[in-house]
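In: missing the sequence, but the structure's below:
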Ligand SMILES: Nc1ncnc2c1ncn2[C@@H]1O[C@H](COP(=O)(O)OP(=O)(O)O)[C@@H](O)[C@H]1O
Ligand SMILES: [Mg+2]
């Protein structure tokens, strides 16, 4: 619970992760409210991706807890956490290259449990067919919103990076996540592509109240897109506040912004 009394969509508390002698995360914590876009910044090796791995269940922390809408999911599998509403994109894009753009979106919905199970598959139940139809509709709608409709039948193996990142975002959005984690989403994108990406994310949080946590190196992108910024330095949170406040923080300047701000 935060001071305002609302339950955060995602809350990480006292997270510790060690790799051998290295503390990748040390008592790290943050909370993201529904409808909030929170930026996570910090130098290379600060622990940003490790924090995402912990939040999405890919890595179990050595210390601390992960709460999703107030529920403790610290030891849940990534699959179960995804079903509970958290989706992510990766620092290195991970689309299924052997599938088309549209198929990548349909697979996503299937993965989170399009519904009915094996028995429904066998008997082709009406519930199953209804969900199937809803899924296809939803996929088409997201393709349209991401400007990917014309590319829906293209194979994902040969897409330029900007398009591949949009496909990955679209795939995350198909299941209407309540929490969205984006790891360096604009890396490799041109300015216009990054703007489009930001507009889609902003639209999603406005329309659906999605909580967004994004890792980003482009300081101007972060400052312009995020409501709040958390700064990690050597596995610890050294600042957490509105962009202007974080930007003016001397400790942040020393640790991270020094060169670019
Ligand atoms: N699988 C791993 N094995 C050993 N060390 C790792 C592993 N993943 C990350 N680290 C180390 O943990 C620290 C944090 O890494 P990472 O979370 O990738 O940082 P960031 O995403 O902020 O660049 C770094 O010191 C990195 O070398
Ligand atoms: Mg990283």
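Out: Good, I have the coordinates. Since this is a predicted model, take the numbers as computed values, not measurements. Ligands and ions are numbered 1, 2, ... in the order given.

In: and the next element down the chain from the helix or strand of the chain with the lowest mean pLDDT?
Out: Ranked by mean pLDDT, DSSP states H and E, the helix or strand of the chain with the weakest confidence is helix 117-123, at a mean of 54. Per DSSP states H and E, helix 117-123 leads on to helix 126-145 as the next helix or strand towards the C-terminus.

In: list the helices and strands that next one packs on?
Out: Taking 3 or more Cβ pairs under 8 Å, 6 or more residues apart in numbering; DSSP states H and E as the contact definition, the neighbouring helices and strands of helix 126-145 are helix 101-111, helix 117-123, helix 161-173. C-beta: built from backbone N, CA, C; applies to glycine.

In: for it, which positions count as buried?
Out: By neighbour count with 16 or more other Cβ atoms under 10 Å, helix 126-145 contains the buried residues 128, 131-132, 135, 138-139, 142-143, 145.

In: can you list the residues of the chain near ligand 1?
Out: Contacts of the chain with ligand 1, taken as Cβ under 6 Å from any ligand atom, map to 19, 22, 24, 42, 44-50.

In: Residue 169: neighbour count?
Out: 24 (other Cβ atoms under 10 Å).

In: Which residues are in contact with it?
Out: With Cβ atoms under 8 Å, 6 or more residues apart in numbering as the criterion, the residues that contact residue 169 are 89, 146, 182, 185, 197, 200-201.

In: can we see that at 7 Å?
Out: 89, 146, 185, 197, 200 (Cβ atoms under 7 Å, 6 or more residues apart in numbering).

In: cool, and residue 140?
Out: Residue 140 makes contact with no residue under the criterion Cβ under 7 Å, 6+ apart.

In: one step back: looking at the helices and strands packed on helix 126-145, which has the lowest confidence?
Out: Considering those one by one, the lowest average pLDDT is found for helix 117-123, at a mean of 54.

In: all strands in the stretch 151-261 of the chain, in order from the N-terminus.
Out: Taking DSSP state E, counting those that start in this stretch as the criterion, the stretch 151-261 of the chain carries its strands at 179-183, 211-215, 228-233, 236-241.

In: do you know which of these lies nearest residue 77?
Out: The closest of the strands of the stretch 151-261 of the chain to residue 77 is strand 179-183. By Cβ to Cβ, the value is 16.1 Å.

In: What's the mean pLDDT across that closest one?
Out: If you average the pLDDT over strand 179-183, you get 95.

In: Check which helices and strands it is in contact with.
Out: With contacts taken as 3 or more Cβ pairs under 7 Å, 6 or more residues apart in numbering; DSSP states H and E, strand 179-183 sits against helix 48-55, strand 86-89, strand 211-215.
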